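Visitor: Task: produce atomic coordinates for the following.
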Amino acid sequence: MQTDSESFELIIILALVAVFILFQLRRTLGKKTGFDPADDQNEDHNRNPYEGKSRQDAQMDEDNVVQFRPDMDEPDPVVNLGLSKSSPFYDRIMEINQFDRSFNVRSFYDGAEYAYGLILSAFWDQDRKTLRSMLSRQVFDQFDGAIDSMASRKVRSENKLMDIEKIDLVEVSLTGSLAEVTVEFTSHMIMATRDADDKIIEGNVDKTIQVTDIWTFCRDVKSADPNWTLVATRTD
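Guide: Down below sits the predicted model:
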């Protein structure tokens with residue numbers, strides 16, 4: 001039998017053991033495990049919502065999300081035709097643009113300016129191949145006739161395009177998909193003609209003159225070919 005003294009000592013030992021166990025539990029429960037509410041709230045701001053999910057599950061979640069498309073409330077892009085709406089040519093230019101979305105006055109001016117210089121140089125150099133590729137049959141025949149006339153007279157031109165001061169629209173038309181744009185070139189040139197003896201018989205190589213040419217370009221705007229053809233010319 002245990003004596004009163006032994007029973008008291010056992011109670012003390014059990015009490016100490018209980019205190020030790022409670023202390024260890026308190027230490028363990030007091031640690032952050034990463035799943036406490038505060039941690040969950042903080043982690044939600046940084047955690048990938050599809051982390052730990054299969055590709056299929058993630059896709060299903062994405063399919064249930066309403067996507068805000070940035071273009072839903074945006075107006076249609078404004079077409080820049082390169083001229084004011086008050087222009088008498090605006091409607092026709094817009095109609096051409098409906099066939100060819102890349103068409104605008106500025107790009108046409110750039111191309112027309114390039115063609116103007118190239119065609120004049122080809123004419124002065126008697127480059128029939130280049131002329132044939134850029135002119136209608138009727139206009140080519142006119143240029144070709146002028147070249148033949150100079151050859152028969154045994155004269156040659158000594159011309160140089162110095163600059164193009166400005167380009168202005170004169171007329172715009174659209175018949176079906178066939179567009180015609182007439183422009184006026186105001187340029188400065190040196191123009192002279194030499195005979196077989198290299199003597200200047202017309203013009204002046206030291207003088208720049210102003211020249212005004214009115215040219216009409218034509219193109220089927222439904223065609224994949226982007227090139228315009230010179231179909232008419234006149235000089236003011």
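Visitor: in stretch 200-216, what's buried?
Guide: Neighbour counts using 16 or more other Cβ atoms under 10 Å place 203, 211, 213-216 of stretch 200-216 among the buried residues. C-beta: built from backbone N, CA, C; applies to glycine.
Visitor: Mind putting these into CSV with pLDDT, secondary structure and distance to Ile190?
Guide: Shown next, in CSV, are the buried residues of stretch 200-216 (pLDDT from 0 to 100; DSSP: H, G, I helix; E, B strand; the rest coil; distance: Cβ to Cβ, whole Å):
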residue, pLDDT, secondary structure, distance to Ile190
Gly203, 96, strand, 8
Val211, 98, strand, 10
Asp213, 98, strand, 15
Ile214, 99, strand, 21
Trp215, 99, strand, 20
Thr216, 99, strand, 26
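Visitor: what does stretch 126-146 rub up against?
Guide: Counting by Cβ atoms under 8 Å, 6 or more residues apart in numbering, the neighbours of stretch 126-146 from elsewhere in the structure are 115, 118-119, 121-123, 147, 151, 218, 227, 229-233.
Visitor: Just send the buried residues of stretch 200-216 back as CSV, with distance to Gly82 too.
Guide: Conversion of the buried residues of stretch 200-216 to CSV gives the following (distance: Cβ to Cβ, whole Å):
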residue, distance to Gly82
Gly203, 36
Val211, 25
Asp213, 21
Ile214, 20
Trp215, 18
Thr216, 19
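Visitor: in stretch 90-104, what counts as buried?
Guide: Quick answer for stretch 90-104 (16+ other Cβ under 10 Å): 92-94, 96-97, 99-100, 103-104.
Visitor: Just give the strands next to the strand or helix carrying Val205 in its sheet, each with its orientation.
Guide: Counting by DSSP states H and E, the element that carries Val205 is strand 200-220. The pairing partners recorded for strand 200-220 under DSSP bridges are strand 178-194 (antiparallel), strand 229-235 (antiparallel).
Visitor: tell me the average confidence for the last one?
Guide: The reference is to strand 229-235. Average pLDDT, strand 229-235: 96.
Visitor: Pull that strand out as CSV, backbone CA atoms only.
Guide: Below are the C-alpha coordinates for strand 229-235, written out as CSV (Å, rounded to 0.1, in the frame of the first residue of the first chain):
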residue,chain,number,x,y,z
THR,A,229,-1.6,54.0,-115.0
LEU,A,230,-1.2,57.4,-116.6
VAL,A,231,-4.1,57.8,-119.0
ALA,A,232,-4.2,61.5,-119.9
THR,A,233,-1.9,64.5,-119.8
ARG,A,234,-2.1,68.2,-120.5
THR,A,235,0.0,71.3,-119.8
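Visitor: hmm, who's touching that strand?
Guide: 115, 119, 134-136, 138-139, 142, 180, 182, 211-219.
Visitor: Run a quick neighbour tally on Phe217.
Guide: Counted with other Cβ atoms under 10 Å, residues neighbouring Phe217 total 21.
Visitor: what sits against it?
Guide: Contact analysis of Phe217 by Cβ under 8 Å, 6+ apart lists 112, 115, 180-183, 228-231.
Visitor: If we use 6 Å, what do you get?
Guide: By Cβ atoms under 6 Å, 6 or more residues apart in numbering, the residues touching Phe217 are 181, 228, 230.
Visitor: follow-up on the earlier one: in CSV, list the buried residues of stretch 90-104 along with secondary structure, pLDDT and distance to Met189.
Guide: As requested, the buried residues of stretch 90-104 are arranged in CSV below (DSSP: H, G, I helix; E, B strand; the rest coil; pLDDT from 0 to 100; distance: Cβ to Cβ, whole Å):
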residue, secondary structure, pLDDT, distance to Met189
Arg92, helix, 96, 30
Ile93, helix, 96, 29
Met94, helix, 96, 34
Ile96, helix, 96, 30
Asn97, helix, 95, 33
Phe99, helix, 95, 35
Asp100, coil, 94, 32
Phe103, coil, 94, 29
Asn104, coil, 94, 28
